[in-house]
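Peer 1: What follows is a predicted protein model with its sequence.
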Amino acid sequence: MAEICCEVVAGSSSEGKGPECDTGSRAARRRRMEIRRLRVVAERGAEEETSGKRRRLDGGGGEASTDEEDREVERARYGFTSVCGRRRDMEDSVSACPGFLPGHHFFGVFDGHGCSHVATSCGQRMHEIVVDEAGAAAGSAGLDEEARWRGVMERSFARMDAEAVASSRGSVAPAPTCRCEMQLPKCDHVGSTAVVAVLGPRHVVVANCGDSRAVLCRGGAAIPLSCDHKPDRPDELERIHAAGGRVIFWDGARVFGMLAMSRAIGDSYLKPYVICDPEVRVMERKDGEDEFLILASDGLWDVVSNEVACNVVRACLRSSGRRERNRSSPTSNLSPRQSSSSGDEAPNDGAPSAAAGSESDEESAAEEDKACAEAAVLLTKLALARQTSDNVSVVVVNLRRRKL
Amino acid sequence: MVEVGGGAAEAAAGRRWRLADERCDLRAAETEYVRRFHRHEPRDHQCSSAVAKHIKAPVHLVWSLVRRFDQPQLFKPFVSRCEMKGNIEIGSVREVNVKSGLPATRSTERLELLDDNEHILSVRFVGGDHRLKNYSSILTVHPEVIDGRPGTLVIESFVVDVPEGNTKDETCYFVEALLKCNLKSLAEVSERLVVKDQTEPLDR
């Protein structure tokens, strides 16, 4: 049997993964800020790209800081895991970019098939494209926030798909992560799911393409924020038939008997049946009711129900909350391995410590991150124990507002 | 039914190839080749079909890829790895690893016939976690002239058990789709080699 990779690679926001957005100050929230902030970030994003520096939204620049000074910025509290499991190859990719737009945090899970390159480029590029598109959309007046985010996500997914397809053209060398033996320069037959969540001050935006899933826990209930794109989903089946395609039950419902999902990034050979259009859900956040958000690949969802997953995470976050209150040192045997492999995840050395946080605030925030990472690890272990045959990737985001 | 790729869809330059575009009527020459080289006698619970592809590359080049029974990943897009012990000879068995996302992860395949003169390759599936039981295929390549240049006609035919829960039609549709992907990829790899051959003297 294939070797089981049980080494859990976990990360949490406390370890300096990505830039933190700490531009906090106290003022009332103003609706008009939304649009202006988006515009500012697009400009700044471009700057960073050219300078090649690590993106850091610490409110250093003139216009940006005056804009942000006016509002409370919520710190992202999250943790994630991504493991190979029983599969031969690791083809999942996870991205977490707190403060990728001021006051907004980005999370994504990408489950590749055929090879890892499309999932890898989604992990590297999707948040940058969303920043770009959000900046471009900032000028579009007359649209409410929901409609604007819908457009941003739809355009971002289309661009991501075009990039994934273009980068598999002969001109570009294969991605270093490519595990194909021959590394054929062209890969029309590679794709990835994409479930993306943007956590804003008032909304949670979830865009999904494929069979990874986002689940919100609100008031104790598990609410799926995405609906898996399976070829036998009645509306998807109808769409495929209308396009002249066919779904065959061949070890589950599959397009042409081959791909077991009806939407994906990449897979250009199966277009127009397999499309990259995301379904976008914009949920208004409900303070006091919203507990957390889970994003995961089907390696989890195949063997763990939405409800069970929520119960596991809730138990984790609660026990951590108790620990925090008791101020006792955490004695968990789960100790997640900190992901510190890639170079751009260097600790925030020299970064100004959060203006808004006293030391104990920082400690408890780190504790909350740890709880999210532990919850993600626990879900992963549960999936492995239940004999999932796939890669497992889990992101847990705490949605409870911190009292200040 | 035989479907032949390489028609109008190919001409639509700039657009990505799609499986959906691989559709064309069978020409007389192809029917003749099928009659001569691709005789299958499917039993009641089996189905059989063939697909064809025109490649803008000379026969020797296309055949040099096809005959590498030990390296199907040279052109098959869904193969990630292949292991084979010994030389390429009739009776050789290869262990093929299939890429993720497909309804199989591995396949054990036996070389039934390799004729370097007539350009015939026949393979039988003898194991694996796929649903293609008693699958047997014949692939032949034939010289032809495309746009005044040496080209190749490739025909691949198969016979296979219809698995429980599926119809003959579904089984054929699925296998044809797989073969079309393989032959399209074979065409691309071959045609790229032609371009490479033509430009190489300039590099020296």
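Peer 2: Alright, I've got the coordinates. Residues are numbered from 1 along each chain as shown, chains lettered A, B, ... in the order given.

Peer 1: buried sites along stretch A:304-320?
Peer 2: A:V304, A:N306, A:A309, A:C310, A:V312, A:V313, A:R314, A:C316, A:L317, A:S320 (16 or more other Cβ atoms under 10 Å in any protein chain shown). C-beta here means a position set from N, CA and C on the backbone, and glycine is covered the same way.

Peer 1: Next up, phi/psi of B:I55, please.
Peer 2: Note on B:I55: its backbone torsions stand at phi -120, psi 130 [degrees, to the nearest 10].

Peer 1: next one: the one 3 residues further on
Peer 2: Comment: the main-chain dihedrals of B:P58 come out as phi -70, psi 150, following degrees, to the nearest 10.

Peer 1: what does B:D21 give?
Peer 2: phi -80, psi -10.

Peer 1: And the furthest pair within the buried residues of stretch A:304-320?
Peer 2: Across these, no pair lies farther apart than A:N306 and A:S320, at 21.4 Å, counting by Cβ to Cβ.

Peer 1: Where does pLDDT dip in the chain?
Peer 2: As the question left the chain open, I've gone with chain A. A:1-72, A:167-187, A:324-360, A:403-404 (pLDDT under 70).

Peer 1: my question was about chain B
Peer 2: B:1-15, B:23-26, B:200-204.

Peer 1: rerun that using 80 as the cut-off
Peer 2: Along chain B, segments meeting pLDDT under 80 span B:1-29, B:197-204.

Peer 1: and it, which of its residues are near chain A?
Peer 2: Proximity of chain B to chain A is confined to B:16-20, B:71, B:73-74, B:77-78, B:80-82, B:97, B:99-105, B:131, B:165-166, B:170, B:173-174, B:177-178, B:181, B:185, B:188-189, B:192 under the rule Cβ under 8 Å from any Cβ of the partner chain.

Peer 1: Let's see which of those residues end up in helices.
Peer 2: Among the residues of chain B next to chain A, the members found in helices (DSSP state H) are B:E170, B:Y173, B:F174, B:A177, B:L178, B:C181, B:S185, B:E188, B:V189, B:R192.

Peer 1: Please enumerate the helices of the stretch 201-350 of chain A.
Peer 2: Counting by DSSP state H, counting those that start in this stretch, the stretch 201-350 of chain A has helices at residues A:234-242, A:298-301, A:306-326.

Peer 1: Next one: B:E164 relative to chain A, how far apart?
Peer 2: According to Cβ to the nearest Cβ, to the nearest Å, B:E164 stands 11 Å off from chain A.

Peer 1: now the ones in helices among the residues of chain B next to chain A as JSON lines including neighbour count?
Peer 2: Compiled in JSON lines, those are given as follows (neighbours: other Cβ atoms under 10 Å in any protein chain shown):
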{"residue": "B:E170", "neighbour count": "19"}
{"residue": "B:Y173", "neighbour count": "18"}
{"residue": "B:F174", "neighbour count": "23"}
{"residue": "B:A177", "neighbour count": "21"}
{"residue": "B:L178", "neighbour count": "21"}
{"residue": "B:C181", "neighbour count": "23"}
{"residue": "B:S185", "neighbour count": "23"}
{"residue": "B:E188", "neighbour count": "20"}
{"residue": "B:V189", "neighbour count": "22"}
{"residue": "B:R192", "neighbour count": "15"}
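
Peer 1: quick one: which of the residues you listed is nearest chain A?
Peer 2: B:F174 (3.3 Å; Cβ to the nearest Cβ).

Peer 1: Let me know whether the closest one touches A:G257 as I believe.
Peer 2: Yes: shown here, B:F174 and A:G257 form a contact pair, counting by Cβ atoms under 8 Å, at 3.3 Å.

Peer 1: so what's in contact with those two at the same time?
Peer 2: A:I248, A:W250 (Cβ atoms under 8 Å, 6 or more residues apart in numbering or on different chains).

Peer 1: phi, psi of B:R18?
Peer 2: Reported as degrees, to the nearest 10, the phi and psi values for B:R18 are phi -130, psi 140.

Peer 1: what's the nearest residue to it if we skip its chain neighbours?
Peer 2: Excluding its sequence neighbours, the residue lying closest to B:R18 (Cβ to Cβ, 6 or more residues apart in numbering or on different chains) is A:K271, at 5.5 Å.

Peer 1: ok, how many other residues are close to that neighbour?
Peer 2: If you count neighbours by other Cβ atoms under 10 Å in any protein chain shown, A:K271 ends up with 22.

Peer 1: now swap in A:G139 and tell me
Peer 2: Taking other Cβ under 10 Å as the criterion, the count of residues near A:G139 is 10.

Peer 1: With B:E176 instead?
Peer 2: The burial metric for B:E176, expressed as a neighbour count using other Cβ under 10 Å, is 22.

Peer 1: I'd guessed B:Q73 sits against B:M84; true?
Peer 2: No: contact criterion Cβ under 8 Å: B:Q73 and B:M84 do not qualify, at 11.5 Å.

Peer 1: and these two? which has more neighbours close in?
Peer 2: The neighbour comparison of B:Q73 against B:M84 (other Cβ under 10 Å) goes to B:Q73, with 21 against 18.

Peer 1: ok, and the closest non-adjacent residue to the more buried one?
Peer 2: Leaving aside its sequence neighbours, B:Q73 sits nearest to B:V79 (Cβ to Cβ, 6+ apart; 4.3 Å).

Peer 1: which residues touch the residue nearest to B:R18?
Peer 2: A:K271 makes contact with B:R16, B:R18, B:A20 under the criterion Cβ under 8 Å, 6+ apart.

Peer 1: Hmm, A:R281 is touching A:V205, no?
Peer 2: Yes: in this structure A:R281 lies within contact range of A:V205 using Cβ under 8 Å: 7.4 Å.

Peer 1: so how far is B:L65 from B:S107?
Peer 2: With distances defined as Cβ to Cβ, to the nearest Å, the gap from B:S107 to B:L65 amounts to 19 Å.

Peer 1: Same question for B:S136.
Peer 2: Distance from B:S136 to B:L65, counting by Cβ to Cβ: 21 Å.
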